[in-house]
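A.B. asks: everything below, folded, please.
(4 chains)
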Number of protein chains: 2
Amino acid sequence: MMQETQPITRKSLHHELVDRLQMLIINGELAPGSKVPEKLLCDRFGVSRTPLREALKVLASDGLVRLEPNRGAWITLVTQGEVEEVFPVLGALEALSGELACNHITDAEIEEVRALHDQMIISYGNRDLDAYFSINQRIHRAILLAARNRTLTTSCQALSLRMQRARYLANMTEGRWYAAVQEHERILEFLVARNGRKLASTLIDHMDAKRASVVTWLQTQEATTGHR
Amino acid sequence: MMQETQPITRKSLHHELVDRLQMLIINGELAPGSKVPEKLLCDRFGVSRTPLREALKVLASDGLVRLEPNRGAWITLVTQGEVEEVFPVLGALEALSGELACNHITDAEIEEVRALHDQMIISYGNRDLDAYFSINQRIHRAILLAARNRTLTTSCQALSLRMQRARYLANMTEGRWYAAVQEHERILEFLVARNGRKLASTLIDHMDAKRASVVTWLQTQEATTGHR
DNA sequence: CACCGTAATTTTGAATTCATAATTAAGTCA
DNA sequence: TGACTTAATTATGAATTCAAAATTACGGTG
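C.D. replies: Numbers count the residues shown, from 1 in each chain, chains lettered A, B, ... in the order given. Modelled structure (predicted):
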């Protein structure tokens, strides 16, 4: 019998590069404020400058990179001003995703979210921050997908990326972490009840608390590093 | 005395092209569903394919263009599915812009909006659809700017562009037009009162009515053109 | 004439090249 | 030594080139 065929449409080079560069930016390998080492990346990925530069243009329009005319591309900084801007927008979008999810989510999907939630609680119990973050994101993503709105998914993820950059941004004090877990209990509760209105408002509060936490941390950083 | 200097940072070629192409797409010169005539555009703008293709990548990430591997770029169609997706997102973002605008808008800015509103009413009286549309957009934009959130502005405008494409999309029946004007009366009223909550909910309703109107029109079109 | 397969042409994606701007290095002079 | 020029080097932006894929044109066959 015939073997499973390869996916028919191989991603174009520039598209692949957008994904790879996003990852490098998020995990901090390309540090905020640093210059994008064009030549180095070309060598690393074995491509010419053309597709790499195409990718950089796209990343710039997503706000992950800043293009300075004749001076190259720079990884954008996560500033307090940006955080204050992005989180409210993200909150509005997640709120919508919650409302829509309540309309469309299947019982099976709810069970998936519940399973993730339980796992996350375990990670919290173990104080395993990496696992907690990872599962946390999967929960938000599951709700987003249940909203059945690809445009919403795309918009949310673009903004999330900007905030994810530098995971260390989260100022996970013991108190904030506990509160976040409590918020997630409510999120699950309203999702199960398919109470869109309350889920939406909980998600907004959740985002706002996260914003406050990140801002606090940024201010601490600023003070520590001497307002660099 | 020295003359007024030129702006120091001339926009890069690709950035300029993004703007130009957006305009061509919105005003329908590049028709939905049609292939992007790469060579033609290069000649027209007097640039090589490199910056043009960079611009196309950016437009693709904004959803105005679809890149088919080895088959070139195509202007995306405005489908019913897309309309049903984009308007709710736009609604959520405009609602947020309304809320934030109520917190930040100055009296002078409110007067500007009121002036625009009055002009728009006159255009409505004259049944001047072009003027009406143009002023309408300026009102929404003024509120957006008053929100003092550049990220929100950018996100909103990107999605707006996708819906503006083909202005004929608006199914401006006499009844819908009247209703839209009524909605705008409320928008102005709540903005003046700086009642963020009510302004937000009015803006959502406004968007939803527009969505319904556009969908109706698309369905009519579909029936007329034989489900093409 | 319709259908299929093959060759010529065009288009696309990506590497390379090239002119120009920016940066670094070297040299000059107080 | 240190500020200031100027030359060498490097990096950037954009045009050009080139290989591969897709499309079109052509010709044979039933």
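A.B. asks: helix, strand, or coil at residue A:108?
C.D. replies: Under DSSP: H, G, I helix; E, B strand; the rest coil, residue A:108 falls in the helix class.
A.B. asks: mind listing what it touches?
C.D. replies: Not one residue lies near residue A:108 by Cβ atoms under 8 Å, 6 or more residues apart in numbering or on different chains. (C-beta placed from N, C-alpha, C; glycine too.)
A.B. asks: what pLDDT is listed against it?
C.D. replies: Note on residue A:108: pLDDT of 98.
A.B. asks: can you tell me how far it is from DNA strand D?
C.D. replies: 38 Å (Cβ to the nearest atom of the strand, to the nearest Å).
A.B. asks: now residue A:65: phi and psi?
C.D. replies: When read as degrees, to the nearest 10, the backbone of residue A:65 gives phi -140, psi 150.
A.B. asks: the one helix or strand residue A:41 maps to and DNA strand C, are they touching?
C.D. replies: Assigned by DSSP states H and E, residue A:41 belongs to helix A:38-45. No - against DNA strand C, helix A:38-45 shows no contacts by Cβ under 7 Å from any atom of the strand, the least distance being 7.8 Å.
A.B. asks: buried set for the helix or strand just after that helix?
C.D. replies: Downstream of helix A:38-45, the next assigned helix or strand under DSSP H and E is helix A:49-61. For helix A:49-61, a neighbour-count test (16 or more other Cβ atoms under 10 Å in any protein chain shown) marks A:51, A:52, A:53, A:54, A:55, A:56, A:57, A:58, A:59, A:60, A:61 as buried.
A.B. asks: if I look at the residue nearest to the fifth one when sequence neighbours are not counted, how far off is residue B:108?
C.D. replies: With sequence-adjacent residues excluded and distances taken as Cβ to Cβ, 6 or more residues apart in numbering or on different chains, residue A:55 is closest to residue A:17, at 3.8 Å. From residue A:17 across to residue B:108, the span is 46 Å (Cβ to Cβ, to the nearest Å).
A.B. asks: likewise for residue A:30?
C.D. replies: 43 Å.
A.B. asks: show me the helices in chain A, by range?
C.D. replies: A:13-26, A:38-45, A:49-61, A:80-104, A:107-125, A:129-146, A:150-164, A:174-192, A:196-224 (DSSP state H).
A.B. asks: what mean pLDDT does the last one get?
C.D. replies: To tie it back to what came earlier, the one meant is helix A:196-224. For helix A:196-224, the mean pLDDT works out to 92.
A.B. asks: ok, so of the buried residues of helix A:49-61, who is nearest DNA strand C?
C.D. replies: residue A:51 (4.8 Å; Cβ to the nearest atom of the strand).
A.B. asks: which bits of chain A sit near chain B?
C.D. replies: For chain A, the residues in contact with chain B (Cβ under 8 Å from any Cβ of the partner chain) are A:9-12, A:14-15, A:18, A:50, A:53-55, A:57-58, A:61-63, A:67, A:69, A:82, A:85-86, A:88-89, A:92-93, A:95-96, A:100, A:149-152, A:154-155, A:159.
A.B. asks: can you pull the buried residues of stretch A:161-174?
C.D. replies: A:161, A:162, A:163, A:164, A:165, A:166, A:169, A:170, A:171, A:172.
A.B. asks: what's the answer for stretch A:79-94, then?
C.D. replies: A:82-94.
A.B. asks: and that stretch, how far out from the chain's middle?
C.D. replies: 12 Å (Cα atoms, centre = their mean, to the nearest Å).
A.B. asks: dump the residue contacts of the residue nearest to residue A:120 when sequence neighbours are not counted.
C.D. replies: Nearest residue to residue A:120 in three dimensions, chain neighbours excluded: residue A:135, at 4.2 Å (Cβ to Cβ, 6+ apart). Residues in contact with residue A:135 (Cβ under 8 Å, 6+ apart) are A:116, A:119, A:120, A:123.
A.B. asks: closest one of those residues to residue B:205?
C.D. replies: residue A:116 (34.5 Å; Cβ to Cβ).
A.B. asks: contacting residues for the closest one?
C.D. replies: A:135, A:138, A:139, A:142.
A.B. asks: separation between it and residue A:150?
C.D. replies: Residue A:116 is 21 Å from residue A:150, by Cβ to Cβ.
A.B. asks: ok, residue A:199 next?
C.D. replies: 20 Å.
A.B. asks: same deal with residue A:180?
C.D. replies: Counting by Cβ to Cβ, the gap from residue A:180 to residue A:150 is 28 Å.
A.B. asks: compare the two (neighbour count), which wins?
C.D. replies: residue A:180 (19 against 14; other Cβ atoms under 10 Å in any protein chain shown).
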